[in-house]
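1. Next come a sequence and a model predicted from it.
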Amino acid sequence: MTDWRLALDRCIDSRADRLREVRRHLHVNPEPSREEYQTTRFLAERLEESGVPFSVVSSRRGILAGALDDSAGPLAAIRADIDALPIADAKDVAYRSARDGVMHACGHDAHAAMALGAAEALWACRGVLPAPNCWRAVFQPAEEVGEGAYEMVAAGAMAGVKAVAALHVDPERPVGRVGCRARELTAFCHDLDVVVRGVGGHAARPHLARDPLLAACQFLTTVYQAIPRSVDSRDPTVVTFGSIQSGTNANVIPGEAVLRGTIRTLSRQSSQRVAERLKQIADGLGAATETTFELSLNNCTEGVFNDPAVTALCTRAAGEVVGPENLDEIRLPSMGGEDFSGYLSLAPGCMLRLGVAGPGRAVHHLHSPSFDIDERALVLGAKILARSAVMMAHAFAGDGKDDTAAAS
């Protein structure tokens, strides 16, 4: 182990209690997407305590730390999301959410704590890090609604950035292990809204009405049956509806029904094919039921594509921290969404999966009301992010060759 690696490790190890306290404070005080003002203020105060240069973006819901412009040279970025979810915390722990109906059920409190630890260590060790030592930490809001990355890009988060890395906690992977995958990691996601309009009437005389609720139910059933038979089975595609809203009385046929769902694919082309098939189904059912269908695709989140070269660097960094024997290849991409993709149109990047499952604990998946982590992962994640920043900055400066293995 070279001196700069040892310096970073010692600095982060010395902050283990601080990282746990930061994570628990955020867990107790979660803020949902678009409301992350106090979370931003809290993280800014921690950065100020450590002397790390930072700037709060104009919305007051995100932070850029480290290099605030690109004057020092090509930058490497690390990213953390900071928003919580509208889910009631079901855990019985001292750091249970104090806000009714809101909790960090996706690990963003841990992401923020790890990025904070990495930023503090990178700043504290700047005198021993190999040149060029050019990095930026991005603390972004609104990941859960697919907006935050684009907000931060508009605020200058990617100015001068040549590579970007992130971690996401993985409750199905034991603490001390890291999941790695080059190329496709997550899905393209669209929100799907379907409004079905008919003619309302008395429940006893359905022949005088044009029932939009019946048409909506037929549409849902037909989609679930037809879409899997309309796409190549080798091309993963998921269409799921999570909401049907229509009517208020048992004896009244409503005039309108609204369905809300999601489309998940691994390419923009596949999403387009699914959208075209949905329109065909809607047109056919509309004609058959004498109703009208209005379909809209909203809030598109691009799929995360892990650049092979950046993934190799970050995987090497992770292997140095947890040991190469504790690296797991992720065989298949996830159909989940992740707005980290918003940075990847501007620079190559990589997201790794950090194991947070504790021994002997029940596994509670992401977005579960019982979600929690083994906090020993915080130090590991901070070390991986810090090393990745150094290695990316070095690799993408000058000739693009990474010789950090020989740097001291």
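-> Yes, it's here.
2. Quick one: residues contacting the closest residue to residue 307 other than its chain neighbours.
-> Nearest-residue entry for residue 307: residue 348, 3.4 Å, with adjacent residues in sequence omitted and distances by Cβ to Cβ, 6 or more residues apart in numbering. C-beta here means a position set from N, CA and C on the backbone, and glycine is covered the same way. Going by Cβ atoms under 8 Å, 6 or more residues apart in numbering, residue 348 touches 162-164, 307, 309-310.
3. How much space separates the spatially closest residue to residue 343 that is not a sequence neighbour from residue 187?
-> Nearest residue to residue 343 in three dimensions, chain neighbours excluded: residue 164, at 5.0 Å (Cβ to Cβ, 6+ apart). Separation of residue 164 from residue 187 (Cβ to Cβ, to the nearest Å) stands at 20 Å.
4. what does residue 57 give?
-> On the measure of Cβ to Cβ, residue 57 and residue 187 end up 28 Å apart.
5. what about those two, which has more around it?
-> residue 187 (28 against 20; other Cβ atoms under 10 Å).
6. mind listing what the more buried one touches?
-> Contacts of residue 187 (Cβ under 8 Å, 6+ apart): 236, 238, 264-266, 303, 333-337.
7. ditto for residue 338
-> Counting by Cβ under 8 Å, 6+ apart, residue 338 has contacts 143, 168, 185-186, 301, 304, 351.
8. Pick out the lowest-pLDDT one from those.
-> Minimum pLDDT for these is recorded at residue 301 (91).
9. which stretches of the chain have low pLDDT?
-> 1-2, 398-403, 405-408 (pLDDT under 70).
10. what about the helices in it?
-> With DSSP state H as the criterion, the chain has helices at 3-13, 16-28, 37-50, 108-124, 148-154, 212-226, 268-289, 308-322, 341-344, 377-395.
11. burial count for the nearest residue to residue 203 once chain neighbours are set aside?
-> Leaving aside its sequence neighbours, residue 203 sits nearest to residue 251 (Cβ to Cβ, 6+ apart; 4.3 Å). Using other Cβ under 10 Å, residue 251 has 8 other residues around it.
12. Quick check, residue 251 in contact with residue 201.
-> No - the pair residue 251 / residue 201 is not scored as a contact, 10.4 Å apart, by Cβ atoms under 8 Å.
13. In CSV, list the helices of the chain along with mean neighbour count.
-> What follows is the helices of the chain, written out as CSV (neighbours: other Cβ atoms under 10 Å):
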stretch, mean neighbour count
helix 3-13, 19
helix 16-28, 19
helix 37-50, 17
helix 108-124, 28
helix 148-154, 21
helix 212-226, 19
helix 268-289, 16
helix 308-322, 21
helix 341-344, 24
helix 377-395, 28
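14. Quick check: which of those is nearest to residue 62?
-> Proximity to residue 62 (Cβ to Cβ) singles out helix 148-154 among these, at 5.4 Å.
15. list the helices and strands the closest one packs on?
-> If contacts are counted by 3 or more Cβ pairs under 8 Å, 6 or more residues apart in numbering; DSSP states H and E, helix 148-154 sits against strand 135-140, helix 341-344.
16. returning to what we had before: mind checking which of the contacts of residue 187 are in strands?
-> 238, 264-265 (DSSP state E).
17. out of those residues, who's nearest residue 10?
-> Closest approach to residue 10 among those (Cβ to Cβ): residue 264, at 42.7 Å.
18. Quick check: bridge partners of the closest one?
-> Note on residue 264: beta-bridge partners by DSSP bridges are residue 189, residue 238.
19. ok, back up a step: need the helices and strands packed on helix 148-154 in CSV with distance to residue 404, can you?
-> As requested, the helices and strands packed on helix 148-154 are exported to CSV (distance: least, Cβ to Cβ, whole Å):
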stretch, distance to residue 404
strand 135-140, 13
helix 341-344, 22
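20. returning to what we had before: return the residues in contact with the residue nearest to residue 203.
-> Residue 251 neighbours (Cβ under 8 Å, 6+ apart): 202-204.
21. so which of those is the most crowded?
-> Busiest of these [other Cβ under 10 Å] is residue 203, holding 13 neighbours.
22. my guess is that one contacts residue 252, does it?
-> Yes - Residue 203 lies in contact with residue 252 (Cβ under 8 Å); the separation is 6.2 Å.
23. ok, residue 376 to residue 23 distance?
-> As judged by Cβ to Cβ, residue 376 and residue 23 stand 12 Å apart.
24. quick one on the thing from earlier: identify whichever of the helices of the chain lies nearest to residue 359.
-> Nearest to residue 359, of all the helices of the chain, is helix 377-395, at 12.5 Å by Cβ to Cβ.
25. Please write out the alpha-carbon positions of the closest one in PDB.
-> Backbone C-alpha positions of helix 377-395 (Å, rounded to 0.1, in the frame of the first residue of the first chain) are rendered in PDB as follows:
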ATOM      1  CA  ALA A 377     -20.100  -0.300   5.500                       C
ATOM      2  CA  LEU A 378     -19.800   3.500   5.800                       C
ATOM      3  CA  VAL A 379     -16.100   3.500   6.300                       C
ATOM      4  CA  LEU A 380     -15.600   1.000   3.400                       C
ATOM      5  CA  GLY A 381     -17.800   3.200   1.100                       C
ATOM      6  CA  ALA A 382     -15.900   6.400   2.000                       C
ATOM      7  CA  LYS A 383     -12.600   4.700   1.200                       C
ATOM      8  CA  ILE A 384     -13.800   3.400  -2.100                       C
ATOM      9  CA  LEU A 385     -15.100   6.800  -3.200                       C
ATOM     10  CA  ALA A 386     -11.900   8.600  -2.100                       C
ATOM     11  CA  ARG A 387      -9.600   6.200  -3.900                       C
ATOM     12  CA  SER A 388     -11.900   6.200  -7.000                       C
ATOM     13  CA  ALA A 389     -11.700  10.000  -7.100                       C
ATOM     14  CA  VAL A 390      -7.900  10.000  -7.000                       C
ATOM     15  CA  MET A 391      -7.500   7.200  -9.500                       C
ATOM     16  CA  MET A 392     -10.000   8.700 -12.000                       C
ATOM     17  CA  ALA A 393      -8.400  12.200 -11.700                       C
ATOM     18  CA  HIS A 394      -5.100  10.700 -12.400                       C
ATOM     19  CA  ALA A 395      -6.200   8.400 -15.300                       C
END
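26. Can you spell out which helices and strands pack onto it?
-> Checking 3+ Cβ pairs under 8 Å, 6+ apart, helix 377-395 ends up next to helix 3-13, helix 16-28, strand 75-81, helix 108-124, strand 135-140, strand 161-174, helix 308-322, strand 349-357.
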